[in-house]
Every structure is written in structure tokens, then in C-alpha cells.
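**Student:** Structure for the following, please:
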Amino acid sequence: MPEEAEAIVTTDVSDDDRATVLLSSVAGGSQEAFAQLYDLLASRVFGLIQRILVDRAQAEEVAQEVFLEVWQTATRFAPNKGGARGWILTMAHRRAVDRVRASQAGRDRDVRIGIRDQKMDYDSVSEDVELKLESERVDRALLTLSDIQRQAISLAYHGGLSQSEVAERLGVPLGTVKTRIRDGMIKLREELGVAL
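**Tutor:** Predicted structure coming up:
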């Protein structure tokens, strides 16, 4: 056991000062100083983490990660910038918050995937009835058109022909077909009460 670590145990100093001296010894590779530092701060570190995470098992896991990080990064501690206890508790707080964020991100991802994979229920009978009623309504509206308007619109929309192909099929000029379709669509819009 290094003399410095042994002297800290027997002298009457604050926990902050004690942690700072111990952490300096840990930076030098002292396992005994690390054990004493752990004994000194483990309950505070765990308490802070558990208040943030609530889940005891996760809090224990994060506390272990914090002390592993303390062991691995002790050489980065700068005593002139603050005490060791504050440095370690800040590290614990950051790790706990990171765990909360990671857990939330995982839940959000699971929700997005669940929504994407969820099949939407729909009433196919109701949908079929609505489509049939709408089709009948359009058929009735088509009957209000003149024969030449109905013929041009049917070839264009139901037959899938371009206006040029409709003109060729009917043997009339393209301008005539455009006029018939335009006038027929205006009349259908009025009959159906919708924008076409």
C-alpha cells in the first residue's frame, strides 16, 4: 500500500481532498488507491445514477462503467480545475443521461418499426360499397352529357387514350376533341359537385 494512500486513511481530511489525492494515485496506477476511491464514492455515484435511471440493474451497470472510465482516464484529471468527487459525479451524470437517451431512442425506433409493420385494418365491404355507389353516381353524371362528349371522355379516361389518339379514333380534328372533353368535364364537375 503506498504511503500516500495509507496516510489519507489515517488523517482527518474532507472527502473532496481525500478523493483528489486518491485519484492522483490512481493516475499513477495504484490499485489500492482505486479501491479506497471506490469505497469512498461508490454509494454517491450509484445514488446519483439510480435517481436518473430509476432501474437498479441499469444503475449498477452504469456505475461499473463509470468506475472503469475513472480507472482508464484518471491521468486526464486536472486537480487545478476542480475536485475529484465533482469530476467523477459529473462523469456519472453524463453516463446516466446518455443511457436514458439511448433507451428513449431505442423505444422510439421500436415504435416507428411497429407502426410501419402494423397492418391497417379496413372494412373491405364498406369500401366496396362506397366504390360502387361512387361509380353509379359517375355513370349517372355521364348520362347528362351529349353523346359526343361522353364518347370522347370515355375513350380518354376509361380507354386510356391520349387526346390525339381519341381524335384519330373518332376521325375528328384534335381541337374538336379537346373542346368536347373540356366541355364534358365542366358539365361533370357541375353534376358531381367536385373539382375534376
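
**Student:** three-state assignment of the nearest residue to Ser162 once chain neighbours are set aside?
**Tutor:** Spatial nearest neighbour of Ser162, chain neighbours left out: Ala156 (7.6 Å); criterion: Cβ to Cβ, 6 or more residues apart in numbering. The C-beta positions use only the backbone N, C-alpha and C, and glycine is treated the same way. Following DSSP: H, G, I helix; E, B strand; the rest coil, the label given to Ala156 is helix.

**Student:** dump the residue contacts of Ala156.
**Tutor:** Neighbour list for Ala156: Ser162, Gln163, Val166, Ile181 [criterion: Cβ atoms under 8 Å, 6 or more residues apart in numbering].

**Student:** And the pLDDT at it?
**Tutor:** Looking at Ala156, its pLDDT reads 85.

**Student:** what's the answer for Glu6, then?
**Tutor:** With respect to pLDDT, Glu6 scores 47.

**Student:** Could you do Gln118 as well?
**Tutor:** On the pLDDT scale, Gln118 is placed at 65.

**Student:** what do you get for Glu3?
**Tutor:** On pLDDT, Glu3 comes in at 46.

**Student:** coming back round to it: please check the contacts of Ala156 and keep the buried ones.
**Tutor:** Buried by 16 or more other Cβ atoms under 10 Å: Gln163, Val166, Ile181, out of the contacts of Ala156.

**Student:** Redo those as TSV? Include secondary structure, pLDDT and distance to Ser135.
**Tutor:** Formatted as TSV, these follow (DSSP: H, G, I helix; E, B strand; the rest coil; pLDDT from 0 to 100; distance: Cβ to Cβ, whole Å):
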residue	secondary structure	pLDDT	distance to Ser135
Gln163	helix	90	24
Val166	helix	89	22
Ile181	helix	89	20
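
**Student:** Which stretches in this protein count as helices?
**Tutor:** For the chain, the helices defined by DSSP state H cover 3-10, 15-27, 31-53, 56-73, 84-117, 124-143, 147-153, 163-170, 174-192.

**Student:** If anything else comes up later, I'll come back, but that's it for now.
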